[in-house]
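[1] show me the folded form of this:
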Amino acid sequence: MWGRSRPLALREGVGRFDWTTERMVVRGARSLELVEAASAARTVGALVFEAEEGARSPGWNVSRHTGFSEGRTVDIWAADDPPKDGYRVELTLDVPKAGRYELLFSGNSLARLARPRSLSPFVWTIDGGPARKADDAPKVIEGVPGAPEGLSVLGEVDLTAGKHTFRLRLTGRRDRPDKRYALWFDALALRPAD
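    As a prediction, the model looks like this:
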């Protein structure tokens, strides 16, 4: 890595290594075969919906942030009280196959919802159903390319095939370093819960 060599320990001709960069140079091998590739975050098969492609209330802006998917997020940093329907973002989820899905939030790490919060708490719904709170620190999956602050697990939902509406609405101000409404929202990922 970065011009340094490291030996690859082989067992019955198979070596295991972490591939953490876009490119890797292998020296001293006559041939190579990729036997298996796995992500520690188990994001294979996930559907990703970019927040900047959704509808949003006034107060949200599309910003450029290196490292996030497509280099953009939808951000809010507002001192004013929200409009009548609240500070919200809505995404259309096109689900190809019915099943149980885990919802993964990309943007700010929701671990920052631990008190004192440095992000705004929020509720989220699917198709106008029951509101689920995100006002405490959920599990965060680290080391996912395109999600520098990790993927925060919002919960699981049963979805039919077809279009669904995901709505996120801020419910309060953050506690520190100021009392503003604040959040970065990059994308929502759905992955099969099984």
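[2] which residues touch the closest residue to A147 other than its chain neighbours?
    Counting by Cβ to Cβ, 6 or more residues apart in numbering, S106 is the residue found nearest to A147 once chain neighbours are left out, at 4.4 Å. C-beta: built from backbone N, CA, C; applies to glycine. Counting by Cβ atoms under 8 Å, 6 or more residues apart in numbering, S106 makes contact with 68-69, 144, 146-147, 149, 151-152, 185-189.
[3] reformat the residues you listed as JSON lines; add secondary structure, pLDDT and neighbour count.
    Formatted as JSON lines, the contacts of S106 follow (DSSP: H, G, I helix; E, B strand; the rest coil; pLDDT from 0 to 100; neighbours: other Cβ atoms under 10 Å):
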{"residue": "F68", "secondary structure": "coil", "pLDDT": "94", "neighbour count": "22"}
{"residue": "S69", "secondary structure": "helix", "pLDDT": "91", "neighbour count": "21"}
{"residue": "V144", "secondary structure": "strand", "pLDDT": "91", "neighbour count": "21"}
{"residue": "G146", "secondary structure": "coil", "pLDDT": "91", "neighbour count": "16"}
{"residue": "A147", "secondary structure": "strand", "pLDDT": "94", "neighbour count": "26"}
{"residue": "E149", "secondary structure": "coil", "pLDDT": "96", "neighbour count": "21"}
{"residue": "L151", "secondary structure": "strand", "pLDDT": "96", "neighbour count": "29"}
{"residue": "S152", "secondary structure": "strand", "pLDDT": "96", "neighbour count": "23"}
{"residue": "F185", "secondary structure": "strand", "pLDDT": "98", "neighbour count": "24"}
{"residue": "D186", "secondary structure": "strand", "pLDDT": "98", "neighbour count": "28"}
{"residue": "A187", "secondary structure": "strand", "pLDDT": "97", "neighbour count": "26"}
{"residue": "L188", "secondary structure": "strand", "pLDDT": "97", "neighbour count": "24"}
{"residue": "A189", "secondary structure": "strand", "pLDDT": "96", "neighbour count": "24"}
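[4] from the residues you listed, pick the one nearest F49.
    Using Cβ to Cβ, the shortest approach to F49 within these belongs to L188, at 4.9 Å.
[5] wait, doesn't that closest one sit right on A51?
    Yes. Using Cβ atoms under 8 Å, L188 is in contact with A51, at 7.0 Å.
[6] any low-confidence regions in the protein?
    Residue ranges of the chain with pLDDT under 70: 1-6, 11-12, 16-24, 34-44.
[7] for the spatially most central residue of it, name its beta-bridge partners.
    Centroid-nearest residue in the chain, with Cα atoms, centre = their mean: S106, separated by 2.1 Å. S106 forms beta bridges with L151, A187, as assigned by DSSP bridges.
[8] same deal with R64?
    Beta-bridge partners, per DSSP bridges, of R64: R72.
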